[in-house]
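Asks: sequence? don't have it. structure:
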């Protein structure tokens, strides 16, 4: 996963926010993924930023965290979401509207 890439939410993914937390459901595979408030904020920024790197920079501004630790956690979250089919990678910014 290159941080220069953008991620997008596939049409077959249902997102529900509940009290600051989120549940993501892949309607094709019926796999779901729950996120706490921090994971939800990561999701919001990942899916609304022009690149993963832009989301990473914003997260560094919002949270007091070691940059390398954040990079590790963000990479792990992205890997799991991609594995579950809850995000897709878009290598070029083609002017799509961010999904939130």
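Replies: That came through fine. On a predicted model such as this, the values are computed, not experimentally measured, just so you know.
Asks: quick one: the spatially most central residue of the chain and residue 36, what's the gap?
Replies: Central residue of the chain (CA atoms, centre = their mean): residue 43, 3.5 Å from the mean position. Counting by CB to CB, to the nearest Å, the gap from residue 43 to residue 36 is 11 Å. Every residue, glycine included, has its C-beta placed from N, CA and C.
Asks: Check residue 84 too.
Replies: 17 Å.
Asks: So for these two, which sits in the more crowded spot?
Replies: Counted by other CB atoms under 10 Å, residue 84 and residue 36 do not tie: residue 84 has more neighbours, with 16 against 11.
Asks: list the contacts for the residue lying closest to the more buried one once chain neighbours are set aside?
Replies: Among residues not flanking residue 84 along the chain, residue 31 sits closest, at 4.8 Å (CB to CB, 6 or more residues apart in numbering). Residue 31 makes contacts with 25, 84, 85, 86, as judged by CB atoms under 8 Å, 6 or more residues apart in numbering.
Asks: again, only this time at 10 Å
Replies: By CB atoms under 10 Å, 6 or more residues apart in numbering, the contact set of residue 31 is 24, 25, 83, 84, 85, 86.
Asks: Then residue 46?
Replies: Here residue 46 is in contact with 6-9, 52, 54-56, 58-59, 74, 77-78, 81, 87, 98 (CB under 10 Å, 6+ apart).
Asks: and if you look at residue 64?
Replies: Residue 64 neighbours (CB under 10 Å, 6+ apart): none.
Asks: Now for it, which secondary structure element holds it?
Replies: Counting by DSSP states H and E, there is no helix or strand that carries residue 64.
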